[in-house]
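**Q** kindly generate the corresponding structure for this input.
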Amino acid sequence: MTDPTARITGRAYLDLVSETIRSVGEGQVDAVSEAARLIADSIAAGGVLQAFGSGHSEALAMELAGRAGGLVPSNKIALRDLVLVGGRPLSTLEDPFLERNPDIAHQLYATVPAESDDVFAIASNSGINGVVVELALLVKDKGHPLIAFTSAEHSAKTPSRHPSGRRLAEIADVVLDNGAPYGDAAMPLPGGGAVGAVSSVTSAVLAQMVVGEAVQRLVDAGHTPPVYLSANIPGGDDHNLALEARYAGRIRRSA
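**A** Predicted coordinates:
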């Protein structure tokens, strides 16, 4: 447990987050393996990994989709897709509480080039907001496997904002707990509040654990895994474009 009287230093945060990473990773080996299996099975069947997160949880979607060392058959879903490909006016994104509106999830899913073999990963530290919960329910209703990245502690202590009263973790097939404390920030301030967010760091580690194991499963099954090279090394663009062509119309690489 964090000492509330301890000084806040870079080293203190490094020690705290390093300990949390180790605890999160070692404590969820089985969940990571199951998530990897769902993704590998999807890719082997011609599916795509569909990843969504709003707010800072979008960082998790970026970790899973369209990055060097990651899977080419991966698609990042973002709330701005409502405007970019969904035909909604730009003013839609001016709503600071957009992610709390369950109705938006249906409009968002309609923008996704999803097919039956696709697997979904949804990230939300709290797991309580309307878009996240409704999208999770919709994904399961459509028959897709669903992996959740969330904070078990924060979610358990916070009422759902969805009319059903459900949370993301209660809907997903596999739940990966990022180990973040209630409120995410882990280093208490003397006058109240805290600094030192945890969820983005630990979720990224979990994501890379899952992708790595999914790739190994594909190799073990005799597949050549469709993995991105860095676009900033010689030959990277040619390699990536050739693989992306296999999934034309299935993946988007918008900002």
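**Q** for the rest of this, base every contact and every neighbour count on C-alpha atoms.
**A** OK.
**Q** buried residues, the top helix by length along the chain. List them.
**A** In the chain, taking DSSP state H as the definition, the longest helix is helix 199-220. Neighbour counts over helix 199-220 (16 or more other Cα atoms under 10 Å) mark 199-218 as buried.
**Q** kindly report the same for stretch 10-28.
**A** Tyr13, Leu16, Val17, Thr20, Ile21, Val24, Gly25, Gln28.
**Q** and for stretch 113-132?
**A** 114, 117-132.
**Q** quick one: end-to-end distance for it.
**A** The first and last residues of stretch 113-132 sit 18 Å apart, counting by Cα to Cα, to the nearest Å.
**Q** now stretch 136-150
**A** 13 Å.
**Q** and the contacts of that stretch?
**A** 35, 38, 106, 116-127, 168-169, 171-178, 203 (Cα atoms under 8 Å, 6 or more residues apart in numbering).
**Q** distance from the chain centre to that stretch, please.
**A** Distance of stretch 136-150 from its chain centroid, counting by Cα atoms, centre = their mean, to the nearest Å, is 12 Å.
**Q** pLDDT on it, on average?
**A** For stretch 136-150, mean pLDDT rounds to 98.
**Q** list the buried residues in it.
**A** Ala136, Leu137, Val139, Lys140, His144, Pro145, Leu146, Ile147, Ala148, Phe149, Thr150.
**Q** now render those as JSON lines, adding distance to Arg246.
**A** Shown next, in JSON lines, are those (distance: Cα to Cα, whole Å):
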{"residue": "Ala136", "distance to Arg246": "27"}
{"residue": "Leu137", "distance to Arg246": "29"}
{"residue": "Val139", "distance to Arg246": "24"}
{"residue": "Lys140", "distance to Arg246": "26"}
{"residue": "His144", "distance to Arg246": "21"}
{"residue": "Pro145", "distance to Arg246": "22"}
{"residue": "Leu146", "distance to Arg246": "24"}
{"residue": "Ile147", "distance to Arg246": "24"}
{"residue": "Ala148", "distance to Arg246": "27"}
{"residue": "Phe149", "distance to Arg246": "28"}
{"residue": "Thr150", "distance to Arg246": "32"}
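**Q** the residues you listed in strands, which ones?
**A** Leu146, Ile147, Ala148, Phe149, Thr150 (DSSP state E).
**Q** for Glu58, state which of those residues is nearest.
**A** Phe149 (11.3 Å; Cα to Cα).
**Q** ok so, going back, could you work out the most separated pair of the buried residues of stretch 136-150?
**A** His144 and Thr150, at 18.7 Å, using Cα to Cα across these.
**Q** tell me, how many residues neighbour Gly191?
**A** 6 (other Cα atoms under 10 Å).
**Q** for it, pull up the helix or strand it's in.
**A** For Gly191, there is no helix or strand it lies in under DSSP states H and E.
**Q** may I have the phi/psi pair for it?
**A** phi -90, psi 10 (degrees, to the nearest 10).
**Q** and the gap between it and Asp184?
**A** 17 Å.
**Q** how about Gly130?
**A** Taking Cα to Cα, one finds Gly130 at 19 Å from Asp184.
**Q** cool, Gly127 as well?
**A** 13 Å.
**Q** give me the phi and psi angles of Ile122.
**A** phi -120, psi 130.
**Q** so what pairs up with it in the strands?
**A** Taking DSSP bridges as the rule, Ile122 bridges to Phe52, Ala148.
**Q** so it touches Gly53, yeah?
**A** Yes: with contact defined as Cα atoms under 8 Å, Ile122 and Gly53 form a contacting pair (5.9 Å).
**Q** now the common contact residues for these two.
**A** With Cα under 8 Å, 6+ apart, Ile122 and Gly53 have common neighbours Ala61, Val132.
**Q** Glu153 is in what secondary structure piece?
**A** helix 152-156.
**Q** could I get the buried residue list for that helix?
**A** Going by neighbour count (16+ other Cα under 10 Å), the buried part of helix 152-156 is Ala152, Glu153, His154, Ser155.
**Q** so Val195 belongs to a strand, correct?
**A** Yes: counting by DSSP: H, G, I helix; E, B strand; the rest coil, Val195 is part of a strand.
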